[in-house]
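Asker: Have a look; sequence and predicted model below, questions after that.
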Amino acid sequence: MKLKTIISTIILSVFIFSFSSCTRKNDNTQLVQGFYNALNHSNYIELSEFIGDSIVLIEGNYNMNFSKNDYYKFFQWDSVFSPKYEILEIREIDEKVEIKVSKTCTRIKFLNQKPIISNEIIEIKNRKISKIKTVEMDSDFKLWNIKKNEIVTWIKMNHPQLDGFIHDQTKDGAQNYLKAIALYQEFKK
């Protein structure tokens, strides 16, 4: 009888551990989906619930370390372009979530003329997103640089009051970027 009780306890423990592990994995996947949903709605209050006190964004050799307040400023800049994200694939490995995501916005449409598709690894610590690392990006960087250089040069010559918009990652800088795109597109008609 004792052996049956011990075996039953072990089986029950394994079942509970397996179930809680699956639940945690679902939680991490849902966390990432919630984060991108909040980005799509430009809702920082909701978005801030998904990140810790700091977050690291990595693209190639470019590391951006943000406190929650600094990330808010970056979020404001990005939100001006009305970004839309679509998670194309998602899977969880340990405490990381790997995704393939499509992003489009006014700036990307102008510079890249199609959405950017990227593969990202998202690290989760204490049930918060702590790091998003872009490991691969499908973008036409040659076209991107040509379009960027054309608009920067044209704005400098024709609307010097907007010069510097390309480096100003504030909300005002993003609004100037949109003005620059509109003026340039009007000129090209």
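Answerer: Perfect, thanks for sending it.
Asker: Give me the buried positions along stretch 161-168.
Answerer: For stretch 161-168, the neighbour count (16 or more other C-beta atoms under 10 Å) marks 162, 165, 166 as buried. From N, CA and C alone the C-beta is placed, and that goes for glycine too.
Asker: out of those, who's nearest residue 174?
Answerer: For the buried residues of stretch 161-168, the residue nearest residue 174 by C-beta to C-beta is residue 165; the value is 8.4 Å.
Asker: thinking again about what came up before, tabulate the buried residues of stretch 161-168 in JSON lines, adding columns for distance to residue 172 and pLDDT.
Answerer: Below are the buried residues of stretch 161-168 laid out as JSON lines (distance: C-beta to C-beta, whole Å; pLDDT from 0 to 100):
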{"residue": "162", "distance to residue 172": "11", "pLDDT": "96"}
{"residue": "165", "distance to residue 172": "9", "pLDDT": "95"}
{"residue": "166", "distance to residue 172": "13", "pLDDT": "94"}
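Asker: Domains in this protein, by residue range?
Answerer: As given by automatic domain parsing, the domain ranges for the chain are 2-64+83-139, 141-189.
Asker: in this structure, which spans are strands?
Answerer: 51-59, 62-67, 84-93, 96-104, 116-125, 128-138 (DSSP state E).
Asker: ok, back up a step: which one, of the domains of the chain, ends up nearest to residue 70?
Answerer: Residue 70 lies closest to domain 2-64+83-139 among the domains of the chain, at 8.4 Å (C-beta to C-beta).
Asker: What average pLDDT does the closest one get?
Answerer: In this model, domain 2-64+83-139 has an average pLDDT of 85.
Asker: how far out from the middle of the chain is that domain?
Answerer: Domain 2-64+83-139 sits 10 Å away from the centroid of its parent chain (C-alpha atoms, centre = their mean, to the nearest Å).
Asker: need the helices for the protein, in chain order.
Answerer: With helices called from DSSP state H, the chain shows them at 2-40, 44-48, 68-79, 106-112, 141-158, 171-188.
Asker: Redo the ones you listed as JSON lines? Include mean neighbour count and distance to residue 98.
Answerer: Conversion of those to JSON lines gives the following (neighbours: other C-beta atoms under 10 Å; distance: least, C-beta to C-beta, whole Å):
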{"stretch": "helix 2-40", "mean neighbour count": "13", "distance to residue 98": "10"}
{"stretch": "helix 44-48", "mean neighbour count": "15", "distance to residue 98": "20"}
{"stretch": "helix 68-79", "mean neighbour count": "16", "distance to residue 98": "22"}
{"stretch": "helix 106-112", "mean neighbour count": "18", "distance to residue 98": "22"}
{"stretch": "helix 141-158", "mean neighbour count": "14", "distance to residue 98": "23"}
{"stretch": "helix 171-188", "mean neighbour count": "16", "distance to residue 98": "29"}
